[in-house]
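Participant: What would the 3D arrangement of this be:
(one chain, ligands or ions: 2)
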Amino acid sequence: MGFITTKQRARDVLFWPGMNKQIEKMIISVRYCTSTEVQPSRMTDSKNDEHEKDNRFVVKLKNPHLKTMTEDVLYHFTLSTSTHDLQDMFGDVKFVCCSGSPKRIAVFAEYIRDELSIKLPVGCTLENIANKTDRYALYKIGPVLAVSHGMGMPSVSIMLHEILKLVYYAKCKDVTFIRIGTSGGIGLDAGTVVVSDKVVDGRFRPVFEVPILGKVVARPAILHPQIANDLLHCKKPDDVFKIVVGTTMCTLDFYEGQARVDGAFCNYTEQDKKEFLQSAYAQGVRNMEMESLCFAATLHHADIKCAVVCVTLLDRMHGDQISMSHDEYEEFQVRPQRVVARFMRRKLRLGSQASCDE
Ligand SMILES: O=P(O)(O)O[C@H]1O[C@H](CO)[C@@H](O)[C@H]1O
Ligand SMILES: O=c1cc[nH]c(=O)[nH]1
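Facilitator: Ligands and ions are numbered 1, 2, ... in the order given. The predicted model follows:
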């Protein structure tokens, strides 16, 4: 199986000058935050081991303490560096695909197994590697790790800390993380797939703020523009759904945080809500969900490429309640999975190289 070629890698690297402009913009917005970030130079272990020197694309983590630990328990996945050979188990991982629900990620794992033509030994089924805990579900399907992250940023943050350590201990190279989610659309038909070009918080700021040692640390939330672009080009003429690019607003809550009037509390009017959604639309926001900001900021901080692809379950311009049929919901939630499957097939050079053939 051919993975990403040196040529492609070079293209990715060449893309980074474009990325720098975005970082410049980010610095401008971050300047207005009263936060401080731990300086990477203080946190980076100066004594990179041989392995890291030789491998530019290997996952590196900015935590010198990890190298002093005799054992690291990935508690929420019931994995440990002393009881599992993580490099042997996960060393070939190229994509980490994440969704909120353990059930949806199980469906995705089965789907990807078929899409990538991964053969399991006769009589074997895909197993949830984290089945000793009910916190998250984790599947490995060839070069793809499929993991659930629960709802909200605290939950996705814990998953990312542990899965980042997993890919680090496994010495994975050139890994891409993709969140495949559901969302509320703004000015889009329900069932539209939104590829995020930018993620912002509920105040339109592209930063993830996290209190550390009593101080607010602001991490810029940056997605990889080339991956977003590649995903967008995984559209097929016979798709019954649209794929659009847009800004994703990531909120702390599903109800008031997303300007719904149907929560347990609401002290604003339908008109206030409408004006907020219209202002969001005018600023390029096309959907709302609850994990992308932490996802983009954490992975950018880890120097790992990432993307966010979500289907919209409703158009928030027309209401708050999600009342589609179960069948429609099932069909909608596989749409971003299909787009991501095409993207991965393309990157893995399966099927036609020139297109996103399914
Ligand atoms: O569909 P997933 O990926 O679970 O995510 C979305 O759905 C949940 C709300 O219903 C939030 O977590 C939101 O981000
Ligand atoms: O409206 C919605 C739908 C799904 N997920 C969200 O966060 N919001």
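Participant: could you dump stretch 93-102 to CSV, C-alpha only?
Facilitator: C-alpha atoms of stretch 93-102 as CSV (Å, rounded to 0.1, in the frame of the first residue of the first chain):
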residue,chain,number,x,y,z
VAL,A,93,-1.4,5.1,11.6
LYS,A,94,-1.7,7.9,9.1
PHE,A,95,-5.2,9.2,9.8
VAL,A,96,-7.0,9.8,13.1
CYS,A,97,-10.8,10.2,12.4
CYS,A,98,-12.9,11.5,15.3
SER,A,99,-16.6,11.8,16.0
GLY,A,100,-18.6,12.5,19.1
SER,A,101,-20.7,9.3,19.4
PRO,A,102,-19.2,5.9,20.0
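Participant: Go ahead and confirm residue 262 touches residue 322.
Facilitator: No - if you go by Cβ atoms under 8 Å, residue 262 and residue 322 don't touch, sitting 10.3 Å apart. Using the backbone N, CA and C atoms, a C-beta is placed for each residue, glycine as well.
Participant: Just want to know which of the two has more residues nearby.
Facilitator: Neighbours per residue, other Cβ atoms under 10 Å: of residue 262 and residue 322, the larger number sits with residue 322, 12 against 9.
Participant: And the more buried one, its phi and psi?
Facilitator: phi -100, psi 110 (degrees, to the nearest 10).
Participant: The one 10 residues further on now?
Facilitator: Backbone torsions for residue 332, taken as degrees, to the nearest 10, come to phi -60, psi -40.
Participant: And residue 189, by the same measure?
Facilitator: Residue torsions, per degrees, to the nearest 10, at residue 189 are phi -60, psi 140.
Participant: Identify all contacting residues around stretch 264-278.
Facilitator: 186, 255, 256, 259, 260, 261, 316, 317 (Cβ atoms under 8 Å, 6 or more residues apart in numbering).
Participant: now these in a markdown table, with distance to ligand 1?
Facilitator: Converted to a markdown table, the contacts of stretch 264-278 look like this (distance: Cβ to the nearest ligand atom, whole Å):
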| residue | distance to ligand 1 |
| --- | --- |
| 186 | 14 |
| 255 | 10 |
| 256 | 14 |
| 259 | 15 |
| 260 | 11 |
| 261 | 17 |
| 316 | 13 |
| 317 | 19 |
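Participant: is it possible to export the residues you listed to TSV including pLDDT and neighbour count?
Facilitator: Below are those laid out as TSV (pLDDT from 0 to 100; neighbours: other Cβ atoms under 10 Å):
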residue	pLDDT	neighbour count
186	98	25
255	98	15
256	98	17
259	98	23
260	98	18
261	98	14
316	98	25
317	98	14
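Participant: so the residue of the stretch 201-350 of the chain found nearest ligand 2 bridges to which residues?
Facilitator: Closest residue of the stretch 201-350 of the chain to ligand 2, Cβ to the nearest ligand atom: residue 289 (4.1 Å). Counting by DSSP bridges, residue 289 is bridged to residue 250.
Participant: neighbours of it, just the number please.
Facilitator: Counted with other Cβ under 10 Å, residue 289 comes out at 27.
Participant: Quick one: the helices in the stretch 1-150 of the chain, in order.
Facilitator: 6-31, 40-43, 50-54, 86-90, 102-115 (DSSP state H, counting those that start in this stretch).
Participant: Kindly report the residues of the stretch 251-358 of the chain close to ligand 1.
Facilitator: Within reach of ligand 1 by Cβ under 6 Å from any ligand atom, the stretch 251-358 of the chain has these residues: 254, 289, 290, 291.
Participant: top of these by neighbour count?
Facilitator: residue 291 (30 neighbours).
Participant: Let me see the contact set for that residue.
Facilitator: Contacts of residue 291 (Cβ under 8 Å, 6+ apart): 100, 149, 151, 152, 153, 155, 156, 179, 181, 250.
Participant: and what of residue 111?
Facilitator: Applying Cβ under 8 Å, 6+ apart, the residues contacting residue 111 are 334, 337, 341.
Participant: 6 Å instead, please
Facilitator: By Cβ atoms under 6 Å, 6 or more residues apart in numbering, the contact set of residue 111 is residue 337.
Participant: Show the model's pLDDT score for it.
Facilitator: If you check residue 111, the pLDDT there is 96.
Participant: What separation do you get for it and residue 336?
Facilitator: As judged by Cβ to Cβ, to the nearest Å, residue 111 and residue 336 stand 12 Å apart.
Participant: in this protein, what residue is nearest ligand 1?
Facilitator: residue 100 (2.0 Å).
Participant: rewinding a little: okay if I get the residues of the stretch 251-358 of the chain next to ligand 1 as a markdown table plus pLDDT and distance to residue 240?
Facilitator: Formatted as a markdown table, these follow (pLDDT from 0 to 100; distance: Cβ to Cβ, whole Å):
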| residue | pLDDT | distance to residue 240 |
| --- | --- | --- |
| 254 | 98 | 27 |
| 289 | 98 | 22 |
| 290 | 98 | 27 |
| 291 | 98 | 27 |
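Participant: Closest to residue 61 out of the residues you listed?
Facilitator: Ranked by distance to residue 61 (Cβ to Cβ), those are led by residue 291 at 20.6 Å.
Participant: how much space is there between that closest one and residue 151?
Facilitator: 8 Å.
Participant: Next, work out how far apart the residue nearest the centre of the chain and ligand 2 are.
Facilitator: Against the mean C-alpha coordinate of the chain, by Cα atoms, centre = their mean, the closest residue is residue 179 at 3.0 Å. When distance is defined by Cβ to the nearest ligand atom, to the nearest Å, residue 179 is 12 Å away from ligand 2.
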